[in-house]
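Asks: have a look at this fold, sequence not included:
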C-alpha cells in the first residue's frame, strides 16, 4: 500500500483569484501547514505569483509562489487528481462537509497515495455552478456570524490547518 503525508496529498486551487495579496497570503497559509502545491486558475490581471503585493504577503513562502502552476481552466487544474472539494459559503447546499471532515477523509485517501484538491472561488463571486460541478465533494466552513463569507486566504488557512492536524493524528495512529 502506498502512503503519503496528508499535507503532501493536498493540492490547493484558487479559481480566478482577483487580489494579489490573497494569492501571496494563501501561499503563506499553506506553507505554514506543510503544503506546497498551489494552482491558480485564470488569475486576474494582478493576481499573479510575481506581483509585488503577492510577494509581500507570501513571507518566506516565495518558493510556493514560484512553483505555483497557472491553469487556463479548472478542468486542466484538476487533471490527474481523483477527488476534489469545492468550497462554498452558501447555506442549504446538500452533501456539505466541514474542513475537519474533509481533512479526515483526505488522510484516508493519502494513505493509498491519492491526492485531493481543495478548490476555492473568486473573492467576489465564489465558484460558479459549473466549477462546483467538477468537484465530487462540497466543503463549507461553519461560521457563527451572519456574514456571507470569510476572506479567501483565511479560508485557505483554516482548511490547511485541519489537514495538518489530520496528518498529525494519522502519524500518531501509524498510518
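Replies: Done, it's in. No experiment lies behind these values; they were computed from the predicted model shown. Numbering: from 1, shown residues only.
Asks: secondary structure element for the residue nearest to residue 137 when sequence neighbours are not counted, which one?
Replies: Nearest residue to residue 137 in three dimensions, chain neighbours excluded: residue 85, at 4.1 Å (Cβ to Cβ, 6 or more residues apart in numbering). Glycine gets a C-beta too; all of them are placed from N, C-alpha and C. Assigned by DSSP states H and E, residue 85 belongs to strand 83-87.
Asks: so what pairs up with the residue nearest to residue 137 in the strands?
Replies: Residue 85 has the following beta-bridge partners by DSSP bridges: residue 118, residue 137.
Asks: ok, now how distant is it from residue 74?
Replies: From residue 85 across to residue 74, the span is 13 Å (Cβ to Cβ, to the nearest Å).
Asks: repeat for residue 41
Replies: Distance from residue 41 to residue 74, by Cβ to Cβ: 5 Å.
Asks: overlap in contacts of the two?
Replies: Counting by Cβ atoms under 8 Å, 6 or more residues apart in numbering, the common neighbours of residue 41 and residue 74 are 13, 15.
Asks: compare these two (neighbour count), which wins?
Replies: With neighbours defined as other Cβ atoms under 10 Å, residue 41 and residue 74 compare such that residue 74 has more, 27 against 24.
Asks: that one and residue 96, how far apart?
Replies: From residue 74 over to residue 96 (counting by Cβ to Cβ), the distance is 19 Å.
Asks: before we move on, what about residue 127?
Replies: Taken as Cβ to Cβ, the span from residue 127 to residue 96 is 13 Å.
Asks: the more surrounded of these two?
Replies: For residue 127 versus residue 96, the count of surrounding residues by other Cβ under 10 Å is larger for residue 127: 23 against 18.
Asks: that older thread, overlap in contacts, residue 127 and residue 96.
Replies: Going by Cβ under 8 Å, 6+ apart, residues that sit against residue 127 and also against residue 96 are residue 88.
Asks: tell me the contacts of residue 95?
Replies: 137-138.
Asks: now with 10 Å, please.
Replies: Residue 95 is in contact with 136-139, counting by Cβ atoms under 10 Å, 6 or more residues apart in numbering.
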